[in-house]
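*Asks:* how would this look folded up:
(one chain, ligands or ions: 3)
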Amino acid sequence: MKIKVAPQADCDFQIIGIFEGEKEKGIPAYFKGKLGQVEVVSNKIAVGLGKRQKFDLEAVRTASAAAIKKAQEVKAKVVATEVHGVGGLGAEECAKAVVEGSVLGVYKFSGYAKEKEEPDFEVNELILVECDKKKVKPMGKGAELGRIIAEAENHARDLVNSPANKMTPTAFAKLAARVAKINGLKFTELDPKEAGMEALWAVARGSNEPPRLVALEYTGAAKSKEKIALVGKGITFDSGGISLKPSKKMYEMKCDMAGAAAVLGVMSLLSDLKPKKNVIGIIPLTENMPSGKASKPGDVCGSLSGYTIEIMNTDAEGRMVLADAITYAKKRGATQIVDVATLTGGCIVALGDVATGVIGNNQKLIDRIVAAGNQCGQRMWQLPLYDEYKESLKSKLADIKNTGESGKAQPSTGAAFLSKFVGDTPWVHLDIAGTAFLGKERGYLPEGATGVPVRTLIEWLNS
Ligand code: BES
Ligand code: ZN
Ligand code: ZN
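*Replies:* Ligands and ions are numbered 1, 2, ... in the order given. Reported below is the predicted structural model:
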């Protein structure tokens, strides 16, 4: 979909936004203007903006997604749209949000079917109409920014939606190498076993697919010693290992590399956005499978940090691979660490699929990331890291156990495990188990992978 800003437009369809309870000439009275409601009237697509008092950038995204989906349904090739909210919320921000909502809203995973009921239809061009010459430039900037960020988030969605037999650790590592090459990032690829990543290897050893750890490094502040590490859980399939998961929804566990996909998505944007920061993306990649070679509950393994780990549950594998990836981040000089992981089912129990769980050891950093999430419509909710959670991981055999008491505060105990490897480095952990993958579509989020939290991290790195 091509996108531009212009004072007027020759188009098939024109999108107009209407606030709830407000009338517009030519639009039928039964159109109430509820957020995301759409109605086609001759060549106009009316879209509800919801209540004027509740209107914000997230409403702009939701309305834009609803409208462009309707445009697609009526097979409009060239679509013009008002930039909703432009008076009050700012020209650049609104243009960005319209484009984000539109590009994220039309996303569809293309899949592998040879036979399709109907070929996919794509809107060719979206024109943001603005007559005020002073606004055209900031809008153009906002639109372009919105486009590249939303496309990166869509790309992350593609990786997560890909089945685990295609998105293997090797395939993911190849993609990461390509992203690094295209964007001029320093690239490292390691064999975890050779590199002494014993915790990662304890997870990988049950699988026939070789594990990998990849790192992509962007230098935006060569003189600074500060370095942000983004660490993404990359379990390309989580069967649970010997602590096997129930089969009912096991197929969803191809999504267990959503953290890795988000980190790669963010890294792919940095050479375009050029933030004045140093950022290293670190991605541990493996399957978690049962086999005669797999780790067993009760086994003890080492780790890159030197700490030994008693494996109580092989399904708590995310924290094992992250432990080594975090240690590696520190070895590479990280001064701040943000990890992104589909870590615990308990996070879904606590927050559903509506908010990402946030836990960390540095309140300032937590606040910044939560604020960035709120700014771009990716809700974040802080959960605690009390000392009791750390106590619950005490092992009689090793330095730490990989799980606490069954069924208790899983997101917090998971984070408590990670905190041992993080040490004093400022750190935030994002548990995206609920928000990474949806059972059914919602607003501009499709069924399946959402791409969370690419936009949050970009918002934070750009601020
Ligand atoms: N990948 C899962 C968490 C998950 C569950 C992600 C549902 C997305 C949807 C993780 O590896 C896991 O299995 N965690 C265990 C932790 C437990 C053993 C402490 C869980 O959630 O049961
Ligand atoms: Zn697991
Ligand atoms: Zn997992």
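
*Asks:* OK, contacts around the one residue in the chain that gets nearest to ligand 2?
*Replies:* At 3.8 Å from ligand 2, Asp315 is the closest residue in the chain, using C-beta to the ion. Where C-beta positions appear, they are placed from N, C-alpha and C, glycine not excepted. By C-beta atoms under 8 Å, 6 or more residues apart in numbering, Asp315 lies in contact with 238, 240-241, 243-245, 288.

*Asks:* What about ligand 1: which of those residues touch it?
*Replies:* Counting by C-beta under 6 Å from any ligand atom, Asp238 from the contacts of Asp315 sit close to ligand 1.

*Asks:* And the buried ones among the contacts of Asp315, selectable in ChimeraX?
*Replies:* Selecting the buried subset of the contacts of Asp315 in ChimeraX, with 16 or more other C-beta atoms under 10 Å as the burial test, is done by:
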select :238,240,241,243,245,288
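
*Asks:* between the contacts of Asp315, which is nearest ligand 1?
*Replies:* Nearest to ligand 1 among the contacts of Asp315, counting by C-beta to the nearest ligand atom, is Asp238 at 4.5 Å.

*Asks:* Up against ligand 1, what does this protein have?
*Replies:* Residues of the chain found near ligand 1 (C-beta under 6 Å from any ligand atom) are 238, 256, 313, 315-318, 342-346, 348, 403, 410, 433.

*Asks:* Report the backbone C-alpha coordinates of the longest strand seen in the chain in CSV.
*Replies:* Ranked by residue count under DSSP state E, the longest strand found in the chain is strand 278-288. Extracted in CSV, the C-alpha atoms of strand 278-288 (Å, rounded to 0.1, in the frame of the first residue of the first chain):
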residue,chain,number,x,y,z
ASN,A,278,23.9,2.0,21.3
VAL,A,279,21.7,-1.0,21.1
ILE,A,280,22.4,-4.8,21.0
GLY,A,281,19.7,-7.3,20.2
ILE,A,282,20.4,-10.7,21.6
ILE,A,283,18.3,-13.7,20.5
PRO,A,284,18.7,-17.2,22.0
LEU,A,285,17.0,-19.7,19.6
THR,A,286,16.0,-23.3,20.2
GLU,A,287,13.2,-25.7,20.3
ASN,A,288,12.0,-27.3,23.6
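
*Asks:* partners of the following helix or strand past that strand in the sheet?
*Replies:* Moving toward the C-terminus from strand 278-288, the next helix or strand (DSSP states H and E) is strand 300-301. Using DSSP bridges, strand 300-301 pairs in its sheet with strand 309-310 (antiparallel).

*Asks:* Following the chain onward from the partner strand, which element is next?
*Replies:* Downstream of strand 309-310 (by DSSP H and E), the next one is helix 318-331.

*Asks:* For ligand 3, give me its nearest residue in the stretch 151-300 of the chain.
*Replies:* Asp238 (3.7 Å).

*Asks:* hmm, I was thinking of the stretch 301-450 of the chain
*Replies:* Gly318 (4.4 Å).

*Asks:* what sits against that residue?
*Replies:* Applying C-beta under 8 Å, 6+ apart, the residues contacting Gly318 are 233, 235, 238, 256, 341-343, 414.

*Asks:* now do Glu125
*Replies:* Per C-beta under 8 Å, 6+ apart, neighbours of Glu125: 1-4, 77-79.

*Asks:* Of those, which is the most crowded?
*Replies:* Within the contacts of Glu125, most neighbours by other C-beta atoms under 10 Å means Val79, with 25 neighbours.

*Asks:* So that residue belongs to a helix, correct?
*Replies:* No - counting by DSSP: H, G, I helix; E, B strand; the rest coil, Val79 is not part of a helix but strand.

*Asks:* Bridge partners for it, pull those for me.
*Replies:* With DSSP bridges as the rule, Val79 is bridged to Phe13, Leu126.

*Asks:* what about it, distance to ligand 1?
*Replies:* Distance of Val79 to ligand 1, given as C-beta to the nearest ligand atom, to the nearest Å: 36 Å.

*Asks:* same thing with Glu22?
*Replies:* For Glu22, the distance to ligand 1 - C-beta to the nearest ligand atom - is 41 Å.

*Asks:* before we move on, what about Trp427?
*Replies:* When Trp427 is compared with ligand 1 (using C-beta to the nearest ligand atom), they lie 19 Å apart.

*Asks:* shouldn't that residue be in contact with Ile337?
*Replies:* Yes - Trp427 is within contact range of Ile337, at 4.4 Å (criterion: C-beta atoms under 8 Å).

*Asks:* anything in contact with each of those two?
*Replies:* Joint contacts of Trp427 and Ile337 (C-beta under 8 Å, 6+ apart) are Ile326.

*Asks:* more crowded one of these two?
*Replies:* A direct count of neighbours by other C-beta under 10 Å for Trp427 and Ile337 places Ile337 higher, at 30 against 27.

*Asks:* Check what contacts stretch 370-390 and list those residues.
*Replies:* By C-beta under 8 Å, 6+ apart, stretch 370-390 touches 57-58, 61, 100, 347, 350-351, 354-361, 366, 369, 404, 409, 411-413, 415-416, 419-420, 430-431, 435, 452-453, 455-457, 459-460, 463.

*Asks:* picking up where we left off before, can you flag the buried ones in the residues of the chain next to ligand 1?
*Replies:* 238, 256, 315-318, 342-344, 346, 348, 403, 410, 433.
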